[in-house]
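**Student:** 3D model of this:
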Amino acid sequence: MNSSQQNLQNIKGFTILEFLIAAFILTIVVGSILLLFKESSSSFSHGKSKVGIYEAGRESLNFLMSRLRTALVNDWENDRINFIGEGRKVKFICPFSTRKDSSDICKLVFYLEEEELKVWLERMGKEGKDYSFPDSFPGSQGLITNVKEMTFEYYDGSLWRDCWDSRKGERQDSKLPKAVRIRIKISASRGTEGKEPIERSFSAITYLENSG
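**Tutor:** Numbers count the residues shown, from 1 in each chain. Purely as a prediction, here's the structure:
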């Protein structure tokens, strides 16, 4: 019997059962590889979401604190500069620039609208100053989205209060809070498949430089 006939016999000896077993093993191997890849991809996406939430939370808090720190309350040419704080909104005036020789100031409002933290800013020069705040805030810019909770609290030197009003005749007439505490909870834009939605809470306190 020559070699060609032997090879033909070997091929005929490869049964359907053996072929099915081989195909089954191959299917298990490929499926395992795909499962490992999916889990690895999901873990990477989950970790990336955590980093994104952390960065958004810290950056937004740092921005809020840097502005709140320089807030003003003053009588300026018989027109009061006020600080008005609520649980989910704070309105105040501060220097537009942190430079000591800066003469420009700005009006700022931070507030939560649905699940978006927004900021409204109006810069004022030396002429035509108007220290009043409008009823609405057209042109507001979004800082971060997917904000589940946000609260401001105001420290008077002995107690934390959930509101502050420095307008004439009000409880904190002509006064700034000693400090402001900000709490914020942010979630991922969407949950990673197979994992619980990510939510992180952040908290920070800033002391106001111009508080008496």
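**Student:** spatially nearest residue to residue 175 (excluding sequence neighbours)?
**Tutor:** Distance criterion C-beta to C-beta, 6 or more residues apart in numbering; nearest residue to residue 175, sequence neighbours excluded, is residue 166 at 5.7 Å. C-beta: built from backbone N, CA, C; applies to glycine.
**Student:** and that neighbour, how far from residue 206?
**Tutor:** According to C-beta to C-beta, to the nearest Å, residue 166 stands 17 Å off from residue 206.
**Student:** what of residue 71?
**Tutor:** 10 Å.
**Student:** one more: residue 150?
**Tutor:** 15 Å.
**Student:** report the buried residues of the helix or strand containing residue 180.
**Tutor:** Assigned by DSSP states H and E, residue 180 falls within strand 179-187. Buried residues in strand 179-187, defined by neighbour count with 16 or more other C-beta atoms under 10 Å: 179, 180, 182, 184, 185, 186, 187.
**Student:** and it, which strands flank it?
**Tutor:** Strands adjacent to strand 179-187 in the sheet, as given by DSSP bridges, are strand 147-155 (antiparallel), strand 199-207 (antiparallel).
**Student:** and the ones you listed as a markdown table, adding distance to residue 82?
**Tutor:** Below are those laid out as a markdown table (distance: least, C-beta to C-beta, whole Å):
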| stretch | distance to residue 82 |
| --- | --- |
| strand 147-155 | 13 |
| strand 199-207 | 19 |
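**Student:** worst average pLDDT in these?
**Tutor:** The minimum mean pLDDT among those belongs to strand 199-207 (a mean of 91).
**Student:** contact partners of that strand?
**Tutor:** The contact list for strand 199-207, computed with C-beta atoms under 8 Å, 6 or more residues apart in numbering, reads 50, 53-54, 57-58, 61, 64-65, 68-69, 148-149, 155, 178-188.
**Student:** please spell out which residues along it are buried.
**Tutor:** 200, 202, 204, 206.
**Student:** run the chain-centre distance for that strand.
**Tutor:** 11 Å (C-alpha atoms, centre = their mean, to the nearest Å).
**Student:** please save the CA atoms from that strand in CSV.
**Tutor:** Written as CSV, here are the backbone C-alpha positions of strand 199-207 (Å, rounded to 0.1, in the frame of the first residue of the first chain):
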residue,chain,number,x,y,z
GLU,A,199,-22.1,57.7,42.3
ARG,A,200,-19.6,59.7,44.2
SER,A,201,-20.2,62.4,46.9
PHE,A,202,-17.8,65.3,47.4
SER,A,203,-17.7,67.9,50.2
ALA,A,204,-15.5,70.9,50.7
ILE,A,205,-15.4,74.0,53.0
THR,A,206,-14.0,77.4,52.0
TYR,A,207,-13.4,80.3,54.3
